[in-house]
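Peer 1: how would this look folded up:
(one chain, ligands or ions: 1)
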Amino acid sequence: MAEEELARERDYVEGLYARLDHLRSEAEQELAAVRRENVGGNHQSRSERDAFARAYEDRIHQLREVGERLAFGRLELIDPDTDGSRLRYIGRIGLRDEDLEPLLLDWRAPQARAFYQATAATPLGARARRHLTTRGREVVRIEDEVFDSTLLDEEGTQLQGEGALLAALSAQRTGQMHDIVSTIQAEQDRVIRSELGGVLVVQGGPGTGKTAVALHRAAYLLYTYRERLGSSGVLVVGPSPAFLQYINAVLPSLGETGVVLSSLGQLYPGLEALEEDAPAVAALKGSAEMAALVRRAVRSRQRVPEEAIALEINGEKLLLQPAVIADAMAKARESGKPYNEGRVQFVKNVLAQLTRQLADQLRRRGSTVDDSDLAYLREDIRTAYDVRVALNTAWLPLTPEKLVEDLYARPQWLATITGHWSKAKRELLSRERGSAFTVSDVPLLDEAAELLGEYDPGNAAVKRAEKAQRKRDLENAKNAIRNMEVGGLVSAESVVAGFEESTVRLTTAERAASDRSWTYGHIVVDEAQELSPMQWRVLLRKSPLRSFTIVGDVAQASSAASSTSWSSTLEPLIGENWRLEELTVNYRTPSQIVDAAERVAHASGLTVTRSRSVRTTEWPVTARSSDSEASLVADAADEASAMAAAGGTVAVIAPVSLIPSLTRVLTDAFGSGVGVGVAGLSRRVALLEPAEAKGLEFDSVVVVSPAGIVAENTRGASALYVAMTRPTQRLALLLAPGEEPPAGL
Ligand SMILES: Nc1ncnc2c1ncn2[C@@H]1O[C@H](COP(=O)(O)OP(=O)(O)OP(=O)(O)O)[C@@H](O)[C@H]1O
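Peer 2: Numbers count the residues shown, from 1 in each chain. Have a look, this model is predicted:
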């Protein structure tokens, strides 16, 4: 019977692949036909043809990419009319036969929901669920669950497709995260399919799939709200470049390439900040009071002189009175425009006043000055050296970089705008001119850019006009698509990309990533507990509609600027307008390691979100001491070698102070097989500081000197908790000479 069923599924899946191959060759032929068409017609029809060609290319690419695991599930649905059964297959993409009957449902389609969420208690119209495990194109295993209420499990919770899930969880890691479409669990699916609007916070302990869920949610939202999000884009923010490298294959493997991935250091276009400030400096720069400081800094760059300024214009002498400047400033500010754009108005106001003054002066001396002369006078005044100096002294055009750099490098000016700040506090900001901007400078630059506006206000107008034109083009393209009845094959964005004359055709994602003022349709924030109030302000500006998925674990917060509770973080920013979902099952870490990590966390007073681990492995958590400082690093290398020999990826997580000596010893042992920091993700052995390990996972982990990690980090207990919860199989602790094992172990 089981063999017959297996054979039946093999046939079905073979049929699906045949259909996939057929569709691909059909798309290839269409593409060839479009390319063959004579290049004629007007610019727009040529562009449309280009856009279709690109759409076919994308479709071919998508059909080729599907490759493995095209189909992974089957639902047996109760037919309400006959009480018989209907079968629905679930896969990575949707496929229909020639008569447009569904052969395979996209995992994100509404009808696929029961595959992930049905239980014996709430079968959602399903009689049974089947998981298909495939190798290449062949089904090698099937696993059935029947929704029979007499078989309800006692806790009311159960794992779906346990065999397939455990196989996925025990597989060796590669340094890159994979998609989990075939084994998404019910509590995760609820989060993934939660509605688009509003702020959704997903809290869960380490390994509960927060990152996986956040990325699948991005793919789900793009599928379900394709039209809305296609033109505004989705932004995924992660803590570091290493983390982005770890997750960057997931969305493309789900067929989604239109998402902007950004680390916190990359949120200001044109800057790739990698350096971190010292914890106290980062905490100050991240605090909400910096927003007010930047505002005061900008304001203080508008200065009314105390005395009248003597000007010489083509030999004529004029006095520029402080009151004229003050009045021109007040009128310019009334417009509410950003600083640099307001300056244009200010200059106009002053020039108008000086022109009147000069004309009166000339008339008093008997010259006739009529209206046609005024324009010449104004031009003389505008280009006069004295006038330019006076205008710049009163209101200098500023870039965000110059403003922020001045804050750090001009202590006397800083003192004038920081009021009650102590000298020690001001000194935290002090830095030499020309130093590289850090990750915590990014929100200050963005804040400054928001207040300053475009440095070249003429450019701002051009950009606004371009944006308006693009919006009109998108509307036209949508209408064209509707008229031509090719919806689903080609997107309005790709048609619009075809309209553009420029040789560089940017996708929505590329456009969004290079435009600081871009507002996204949805923002996903991972490891969100790490964000400072200033970083939140940047993200809120990028989503005026407040459509967010925020995932994280407050117990893993590591920096002084990060949050310890969601309500204290979010309430000052968005009030109570957010909803919370919790994930409770740990899919990464075996139970003996979870228990050890939670005991150590509790013993140090850290409140952690308890999670239930789905598996155990045979390796106990070990802790051994080294005899001397020198042998500590050598022992770490031995431990890493033993783990690497057992197969899979290995991470050595150590206090920052030990990284140089460990680098030497590990390089001797593994040569190019070891990588420090981000580089380690693609090697057999990665050597990481605790902060770099955030969000990552490895088959085996060696934690060197837990006490050193606690001592060196601002939130030491959290840093150790993060380090101990990275492994999927084995954990070893190495203690420095004289170091006690962590309390609670
Ligand atoms: N339903 C699932 N099926 C298969 N694998 C899963 C599932 N859920 C999570 N995983 C796997 O569990 C591991 C941990 O997931 P993830 O990194 O998303 O957890 P996290 O909650 O973000 O952890 P942390 O807080 O430590 O960053 C990953 O390897 C992920 O692929």
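Peer 1: Correct me if wrong: residue 404 contacts residue 443.
Peer 2: No: contact criterion Cβ atoms under 8 Å: residue 404 and residue 443 do not qualify, at 10.3 Å. For the C-beta atoms, the positions are set from N, CA and C on the backbone; glycine is no exception.
Peer 1: In terms of packing, which of those two has more residues around it?
Peer 2: Neighbours were counted for residue 404 and for residue 443 using other Cβ atoms under 10 Å; residue 443 has more, 27 against 22.
Peer 1: Look up how far residue 516 lies from that one.
Peer 2: To residue 516, residue 443 is 12 Å away according to Cβ to Cβ, to the nearest Å.
Peer 1: Could I get the contacting residues of residue 522?
Peer 2: For residue 522, the contacting residues are 196, 218, 221, 229, 234-235, 543, 547-549, by Cβ atoms under 8 Å, 6 or more residues apart in numbering.
Peer 1: and of the residues you listed, the nearest to residue 115?
Peer 2: Minimum distance to residue 115 across the contacts of residue 522 is 18.7 Å, recorded for residue 221 (Cβ to Cβ).
Peer 1: And the contacts of the strand or helix carrying that closest one?
Peer 2: Assessed by DSSP states H and E, residue 221 sits inside helix 210-224. With Cβ under 8 Å, 6+ apart as the test, helix 210-224 has contacts from 106, 108, 177, 179-181, 184, 188, 191-194, 196, 202, 204, 229-230, 234, 236, 247, 250-251, 254-256, 258-259, 522, 524, 526, 549, 551-553, 583, 695.
Peer 1: Kindly recompute the last result at 6 Å.
Peer 2: For helix 210-224, contacts defined as Cβ atoms under 6 Å, 6 or more residues apart in numbering pick out 108, 180, 188, 191-192, 196, 202, 204, 229, 234, 236, 250-251, 254, 256, 259, 522, 524, 526, 549, 551.
Peer 1: Go back to the residues you listed and keep what's next to the ligand.
Peer 2: 180, 188, 204 (Cβ under 6 Å from any ligand atom).
Peer 1: In strands only, show me those residues.
Peer 2: The members of these that map onto strands under DSSP state E are residue 204.
Peer 1: Quick one: which of the ones next to the ligand among the contacts of helix 210-224 is the most crowded by neighbours?
Peer 2: Using other Cβ under 10 Å as the neighbour test, those are led by residue 188, with 27 neighbours.
Peer 1: surely it meets residue 204?
Peer 2: No: applying Cβ atoms under 6 Å, one finds residue 188 not in contact with residue 204, separated by 9.5 Å.
Peer 1: For the chain, list the residues in contact with the ligand, please.
Peer 2: Taking Cβ under 6 Å from any ligand atom as the contact definition, the chain meets the ligand at 165, 168-169, 177, 180, 183-185, 188, 204, 206-212, 553, 556, 587-588, 695, 697, 725.
Peer 1: Helices along the stretch 551-700 of the chain, start to end?
Peer 2: For the stretch 551-700 of the chain, the helices defined by DSSP state H, counting those that start in this stretch occupy 566-574, 591-603, 629-645, 659-670, 690-693.
Peer 1: JSON lines please, covering the contacts of residue 522 and showing pLDDT, secondary structure and neighbour count.
Peer 2: Shown next, in JSON lines, are those (pLDDT from 0 to 100; DSSP: H, G, I helix; E, B strand; the rest coil; neighbours: other Cβ atoms under 10 Å):
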{"residue": "196", "pLDDT": "94", "secondary structure": "coil", "neighbour count": "17"}
{"residue": "218", "pLDDT": "95", "secondary structure": "helix", "neighbour count": "26"}
{"residue": "221", "pLDDT": "95", "secondary structure": "helix", "neighbour count": "26"}
{"residue": "229", "pLDDT": "89", "secondary structure": "helix", "neighbour count": "22"}
{"residue": "234", "pLDDT": "93", "secondary structure": "strand", "neighbour count": "28"}
{"residue": "235", "pLDDT": "95", "secondary structure": "strand", "neighbour count": "26"}
{"residue": "543", "pLDDT": "94", "secondary structure": "coil", "neighbour count": "17"}
{"residue": "547", "pLDDT": "95", "secondary structure": "coil", "neighbour count": "22"}
{"residue": "548", "pLDDT": "97", "secondary structure": "strand", "neighbour count": "24"}
{"residue": "549", "pLDDT": "97", "secondary structure": "strand", "neighbour count": "29"}
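Peer 1: tally of neighbours for residue 510?
Peer 2: Residue 510: 15 surrounding residues under other Cβ under 10 Å.
Peer 1: I misspoke; the intended subject was residue 18.
Peer 2: By other Cβ under 10 Å, the residues close to residue 18 number 11.
Peer 1: same thing with the one 4 residues further on?
Peer 2: As a burial measure, the neighbour count of residue 22 was computed by other Cβ under 10 Å and equals 14.
Peer 1: isn't there a helix covering it?
Peer 2: Yes: using DSSP: H, G, I helix; E, B strand; the rest coil, the assignment for residue 22 is a helix.
Peer 1: Excluding chain neighbours, what is closest to residue 14?
Peer 2: Spatial nearest neighbour of residue 14, excluding adjacent residues (Cβ to Cβ, 6 or more residues apart in numbering): residue 137 at 7.1 Å.
Peer 1: just checking, that neighbour touches residue 15?
Peer 2: No: counting by Cβ under 6 Å, residue 137 stays clear of residue 15, with 11.0 Å between them.
Peer 1: from the contacts of residue 522, which is closest to residue 314?
Peer 2: Taking Cβ to Cβ as the measure, residue 314 sits nearest to residue 543 out of the contacts of residue 522, at 52.8 Å.
Peer 1: tell me the pLDDT at residue 635?
Peer 2: Looking at residue 635, its pLDDT stands at 93.
Peer 1: ditto for residue 616
Peer 2: Note on residue 616: pLDDT of 86.
Peer 1: okay, now it: neighbour count?
Peer 2: By the criterion of other Cβ under 10 Å, residue 616 has 12 neighbours.
Peer 1: For the residue nearest to residue 14, grab phi and psi.
Peer 2: When read as degrees, to the nearest 10, the backbone of residue 137 gives phi -100, psi 10.
Peer 1: what's the answer for residue 521, then?
Peer 2: When read as degrees, to the nearest 10, the backbone of residue 521 gives phi -70, psi -30.
Peer 1: if I look at it, how far off is residue 683?
Peer 2: Residue 521 sits 37 Å away from residue 683, going by Cβ to Cβ.
Peer 1: What of residue 58?
Peer 2: For residue 58 relative to residue 683 (Cβ to Cβ), the value is 33 Å.
Peer 1: Look up phi and psi at residue 122.
Peer 2: Residue torsions, per degrees, to the nearest 10, at residue 122 are phi -130, psi 90.
Peer 1: Look up how far the ligand lies from it.
Peer 2: Distance from residue 122 to the ligand, counting by Cβ to the nearest ligand atom, to the nearest Å: 19 Å.
Peer 1: per-residue confidence for that residue?
Peer 2: You'll see residue 122 listed with a pLDDT of 84.
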